[in-house]
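Enquirer: need a structure here:
(chains A and B)
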Amino acid sequence: MTRNELLDLYFMDSRAKLIDLAAFLDRIEKAEGEADFRLAAFRKALTALENETPSRAKDVLMSLSDPSVEPIEKAPGKGAVGAYPGETK
Amino acid sequence: MKYIEPHGHMVSRTTDDYQAMALSGCEAVCEPAFWAGFDRSSVDGFYDYFCQLTDYEPKRAAKFGIRHFSWLCINPKESEDPMLAKEVLEIIPEFLKCPTVLGIGEIGLNKNTRNELKVLEWHVDLAAKNDQLILVHTPHLEDKFKGTKLILDVLKSDSRIKPERVLIDHVEEHTVQMVLDAGFWGGMTLYPESKCTGARAIDILETYGSDRLWMNSACDWGVSVPLAVPRTALEMKKRGWLSDQIENVIYKNPIKFLSQTERFKL
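Expert: Numbering: from 1, shown residues only, chains lettered A, B, ... in the order given. Okay, here's the model as predicted:
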């Protein structure tokens, strides 16, 4: 498909998601209290959108991923939260 | 358009979902054993669950003209207790004789712990000893990249395992390449909030090719859409895919992988 055909198909949906993203950050900023590591991870992942190569989805996912290689001793719980509290790629 | 739902946790869904899937062209659904949302307290709970998967659920699906198959295991979310896992693994061979059991799955990792890895290795050994297909669950969100690498290490280190008989599920943009490069099949799960959207799944197909990839809804008791596969097929059509190309992904690819066991018959 051409770029304009893809824009026809996805622009309005992506525009809505972009505004939702902006509103989410506004909502967080207006709220009280300290944000945990997820907000910093989110902001860092946002910078991947500025990358020049078409691997932004992969770059965002890597930015939110645990980069370590060794299994851990014990599960802290069953769930995942969507971001890694330590250094990421 | 006919399709196969290669990963659906139908015990969590209503008969309305079966009806909607049948109306949308679903010919078969494959149900991997998974976590119930709570930890089962004993091996007896798993015995009952395996009976439900191999006896009751195929009959429920048949009422809507859908073939029902299953995969058996103790899910990674319950693998932190190796003693229980060992007991569950001991009862699985009895169920492998059932005519609708496709193999061992969905095994894998959840939080990438040593116990989970140990139980994964036991499952891989069970599959190898019984010449079973394997369906692998990769971890969620921030744990997926690391977990996928650990899982591939386990599978690649066992010389009995043939990559073409293993499907690594829930791949995304950061894990699909390593799965396909190692010769395994990959599955893309179409979820509204996590894993892949339909649009991203099509991007992945257009980037990596559709030879060894399938799509599934993995519908369960969480936020999920039982009709995610036919909805994505519609999106593929909008993206210019031809009917036979769509059919290859949503129908023929599952048949190609699953027909490696003689139990998969439509």
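
Enquirer: Distance of residue B:72 relative to chain A?
Expert: When CB to the nearest CB, to the nearest Å is applied, the distance between residue B:72 and chain A equals 21 Å. Heads up, the C-betas are built off the backbone N, CA and C, glycines and all.

Enquirer: can you give me the helices for the stretch 151-266 of chain B?
Expert: Counting by DSSP state H, counting those that start in this stretch, the segments of the stretch 151-266 of chain B that form helices are B:176-181, B:198-208, B:228-238, B:243-247, B:253-258.

Enquirer: Out of those helices, flag the one nearest residue B:26.
Expert: Residue B:26 sits nearest to helix B:228-238 of all the helices of the stretch 151-266 of chain B, at 7.8 Å, using CB to CB.

Enquirer: Which secondary structure elements does that closest one sit against?
Expert: In this structure, helix B:228-238 packs against strand B:3-5, helix B:198-208, strand B:213-216, helix B:243-247, with contacts taken as 3 or more CB pairs under 8 Å, 6 or more residues apart in numbering or on different chains; DSSP states H and E.

Enquirer: so it versus helix B:198-208, what angle?
Expert: Here helix B:228-238 points in a direction 60 degrees away from that of helix B:198-208 (axes from the mean of the first three to the mean of the last three CA atoms, to 10 degrees).

Enquirer: Would you indicate which residues of helix B:228-238 are buried?
Expert: Neighbour-count burial for helix B:228-238, counted by 16 or more other CB atoms under 10 Å in any protein chain shown, picks out B:228, B:229, B:230, B:232, B:233, B:235, B:236.

Enquirer: What are the contacting residues of that helix?
Expert: Applying CB atoms under 8 Å, 6 or more residues apart in numbering or on different chains, the external contacts of helix B:228-238 come out as A:9, B:1, B:3, B:5, B:24-26, B:190-191, B:198-199, B:201-202, B:205, B:215-217, B:219, B:225, B:243, B:245-246, B:249-250.

Enquirer: got it, and stretch B:17-27?
Expert: With CB under 8 Å, 6+ apart, stretch B:17-27 has contacts from B:1-5, B:10, B:29, B:60-61, B:63-67, B:219, B:226-227, B:229-230, B:251, B:266.

Enquirer: just to revisit the earlier point, please convert the buried residues of helix B:228-238 to JSON lines, extending it with pLDDT and distance to residue B:40.
Expert: Listed next are the buried residues of helix B:228-238 as JSON lines, based on pLDDT from 0 to 100; distance: CB to CB, whole Å:
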{"residue": "B:228", "pLDDT": "98", "distance to residue B:40": "27"}
{"residue": "B:229", "pLDDT": "98", "distance to residue B:40": "29"}
{"residue": "B:230", "pLDDT": "98", "distance to residue B:40": "33"}
{"residue": "B:232", "pLDDT": "98", "distance to residue B:40": "33"}
{"residue": "B:233", "pLDDT": "98", "distance to residue B:40": "36"}
{"residue": "B:235", "pLDDT": "98", "distance to residue B:40": "37"}
{"residue": "B:236", "pLDDT": "98", "distance to residue B:40": "39"}
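
Enquirer: Out of those residues, flag the one nearest to residue A:50.
Expert: Distance from residue A:50 was checked for each of the buried residues of helix B:228-238 by CB to CB. The minimum falls on residue B:235, at 27.2 Å.

Enquirer: coming back round to it: looking at the helices and strands packed on helix B:228-238, spot the one closest to chain A.
Expert: Each of these was checked against chain A via CB to the nearest CB, and the shortest separation belongs to helix B:198-208, namely 6.5 Å.

Enquirer: As CSV, could you dump the C-alpha coordinates of the closest one?
Expert: Below are the C-alpha coordinates for helix B:198-208, written out as CSV (Å, rounded to 0.1, in the frame of the first residue of the first chain):
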residue,chain,number,x,y,z
GLY,B,198,-4.5,-6.8,14.4
ALA,B,199,-2.7,-4.0,12.6
ARG,B,200,0.6,-4.9,14.2
ALA,B,201,0.2,-8.6,13.5
ILE,B,202,-0.3,-7.7,9.8
ASP,B,203,2.8,-5.5,10.0
ILE,B,204,4.8,-8.5,11.3
LEU,B,205,3.5,-10.8,8.6
GLU,B,206,4.4,-8.2,6.0
THR,B,207,7.9,-7.8,7.5
TYR,B,208,8.8,-11.4,8.3
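
Enquirer: Report all helices and strands that it contacts.
Expert: Contacts of helix B:198-208 with other secondary structure elements, assessed using 3+ CB pairs under 8 Å, 6+ apart, are made with helix B:176-181, strand B:213-216, helix B:228-238.

Enquirer: mind listing what's buried in the biggest helix by length in chain A?
Expert: For chain A, the helix with the greatest residue count under DSSP state H is helix A:3-30. Of all the residues in helix A:3-30, those buried under the rule 16+ other CB under 10 Å are residue A:9.

Enquirer: by how many degrees do whichever helix or strand comes after it and helix A:3-30 diverge?
Expert: On the C-terminal side of helix A:3-30, the closest following helix or strand by DSSP states H and E is helix A:37-46. An angle of 150 degrees separates the directions of helix A:37-46 and helix A:3-30 when computed by the same axes, to 10 degrees.

Enquirer: Show residues contacting helix A:37-46.
Expert: Outside of helix A:37-46, the residues that reach it under the criterion CB under 8 Å, 6+ apart are A:28, A:60, A:63, A:64, A:81, A:82, A:83, A:84, A:85, A:88.

Enquirer: repeat that for 7 Å
Expert: Under the criterion CB atoms under 7 Å, 6 or more residues apart in numbering or on different chains, residues A:28, A:60, A:63, A:64, A:81, A:82, A:83, A:84, A:85 lie in contact with helix A:37-46.

Enquirer: Pull the most distant pair out of those.
Expert: Pairwise distances across the contacts of helix A:37-46 (CB to CB) peak at 18.9 Å, for the pair A:28 and A:84.
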